[in-house]
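A.B. asks: build the 3D model from these lines:
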Amino acid sequence: MARHRVVRAALASVVATALGCGTLAAPAAAQSLTDRFKSLFGGGKSEEPAEKPPAPAEGQSQSDLTCPPVAIRSGASTYAVALPGKEPIGNDLRFQATITRTARECAINGGEITARIGIQGRVIAGPAGAPPTVQVPLRVAVVQGGVSEKTIATKAYQTTVTMSESGSEPFSLVAEDMTYPAPSADVADNYIFYIGFDPQALKPEPKPKSVRKK
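C.D. replies: Residues are numbered from 1 along each chain as shown. Here you go, the predicted model:
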């Protein structure tokens, strides 16, 4: 028991030290996101109360709701970045990100579905060395499959991963604002959530301002 008290005291000291820093806003937000992700996946109790889904509209029941399955879009399962002007292979690879786990949760209200899509993955540094922080671009889309696919809704997201000396860091993201009209019963089974990496979602870095010579 005494040993446990010492360990708890040490942890409390580390937390207190961190709280004294002015850069704690981002980690705090990340922790909140992680809690919601655990709640979505059922991986543990969240410190935040679970959000209640919107009540079904009159004439609709929760059992009428179909929550489409999640699939990784072909060709978008990995995100590899190389040195400038190089191909992301061999010694020119800086880092590579992969998706390892997904989850989804749907609620219906007034004929509209709100979906929460959870994505977990990992970023691994390559031989060329990863930068201190990595921007991971992701895209979530709800698609009506069939002879010709029809995109119902799509959104791009980003999450920042701080790399460590280990060269391997996990990432997680919960897309909580994906909404779309509830499909009719005859096409609901054709709906699917597609996820994947989308480099086009990254905002271009601002060009350095040129300095005029006097």
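
A.B. asks: from here on, just use CA atoms for contacts and neighbour counts.
C.D. replies: Noted.

A.B. asks: ranges for the helices of this structure?
C.D. replies: All helices of the chain, identified by DSSP state H, fall at 2-19, 25-41.

A.B. asks: quick one, grab the pLDDT at the nearest residue to residue 115 once chain neighbours are set aside.
C.D. replies: Sequence neighbours aside, residue 106 is the residue nearest to residue 115 in space, at 4.4 Å (criterion: Cα to Cα, 6 or more residues apart in numbering). With respect to pLDDT, residue 106 has a value of 92.

A.B. asks: burial of residue 106, as a residue count?
C.D. replies: If you count neighbours by other Cα atoms under 10 Å, residue 106 ends up with 19.

A.B. asks: residue ranges in the protein under the pLDDT threshold?
C.D. replies: Along the chain, segments meeting pLDDT under 70 span 1-65, 203-214.

A.B. asks: not counting its neighbours along the chain, what's nearest residue 122?
C.D. replies: Residue 122's closest residue in space is residue 170 (Cα to Cα, 6+ apart), at 4.1 Å.

A.B. asks: relative to residue 143, how far out is that neighbour?
C.D. replies: 28 Å (Cα to Cα, to the nearest Å).

A.B. asks: what about the strands in the chain?
C.D. replies: In the chain, the strands defined using DSSP state E lie at 70-72, 78-82, 93-109, 112-125, 133-144, 150-162, 168-181, 191-197.

A.B. asks: buried deepest among the ones you listed, which one?
C.D. replies: The highest average neighbour count among these, using mean count of other Cα atoms under 10 Å, belongs to strand 191-197 at a mean of 22.

A.B. asks: run through the neighbouring helices and strands of that one.
C.D. replies: Identification of packing neighbours for strand 191-197 by 3 or more Cα pairs under 8 Å, 6 or more residues apart in numbering; DSSP states H and E yields strand 70-72, strand 78-82, strand 133-144.

A.B. asks: can you add distance to residue 178 and give these back as a markdown table?
C.D. replies: Below are the helices and strands packed on strand 191-197 laid out as a markdown table (distance: least, Cα to Cα, whole Å):
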| stretch | distance to residue 178 |
| --- | --- |
| strand 70-72 | 13 |
| strand 78-82 | 22 |
| strand 133-144 | 8 |
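
A.B. asks: the residue nearest to residue 122 contacts residue 121, doesn't it?
C.D. replies: Yes - using Cα atoms under 8 Å, residue 170 is in contact with residue 121, at 5.7 Å.

A.B. asks: so what's the nearest residue to residue 181 once chain neighbours are set aside up against?
C.D. replies: Counting by Cα to Cα, 6+ apart, residue 181 lies nearest to residue 112, which is 4.5 Å off, once chain neighbours are set aside. Residues in contact with residue 112 (Cα atoms under 8 Å, 6 or more residues apart in numbering) are 179, 180, 181, 182.

A.B. asks: tell me the contacts of the last one?
C.D. replies: Right, the one you point to is residue 182. 108, 111, 112, 113.

A.B. asks: having no further points to raise, I will conclude here.
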